[in-house]
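J.: let's see this in three dimensions:
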Amino acid sequence: MFKRSETITTLEAQYVCVFSPEPEGGYTVTCPALPEIVTYGATLEQARYNAREAIELVLECYQEEGTSFPDSDIDPRTALQEVVAVKLSEI
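T.: All right, here's what the predicted structure looks like:
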C-alpha cells in the first residue's frame, strides 16, 4: 500500500478587492492588503477571475520568498461595503 510521506494542507484566506469601473468599460481591480495587485477585466466576472488569479500568484511568490501572508480580511458576510457619494463645495 502506498503511503504519502508529506502532509498536504490548504490555506484558505480572503481579501477585499476594489473593483473600479473604467470609462471605456471594464473594471480595474486593486487589493489593499496586497498592494502589488492591479488587474483588469472587461466584465465584472472576468475582473473577479483575474483578481483571484493575481492573489494566488502573489501569495505563491510570498511563499517562495518566505514572506508572511497578510492577515485574511474579515468575513465578508459580516462586513458591508458600498460607495457613498458626497457633494463638496467648490473651493
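
J.: helices of this structure, start to end?
T.: 44-65 (DSSP state H).

J.: need the strands for it, in chain order.
T.: For the chain, the strands defined by DSSP state E cover 18-21, 27-30, 38-41.

J.: which of these sits closest to Tyr49?
T.: strand 38-41 (6.8 Å; C-beta to C-beta). Bear in mind the C-beta positions are built from the backbone N, C-alpha and C, glycine included.

J.: low-confidence stretches in the protein?
T.: Applying pLDDT under 70 to the chain flags residues 1-11, 74-87, 89-91.

J.: what's near enough to touch Leu44?
T.: By C-beta atoms under 8 Å, 6 or more residues apart in numbering, Leu44 lies in contact with 19, 27.

J.: how close does it get to Tyr62?
T.: To Tyr62, Leu44 is 27 Å away according to C-beta to C-beta, to the nearest Å.

J.: ditto for Arg52
T.: Distance of Arg52 to Tyr62, given as C-beta to C-beta: 16 Å.

J.: one more: Leu88?
T.: Counting by C-beta to C-beta, the separation of Leu88 from Tyr62 is 39 Å.
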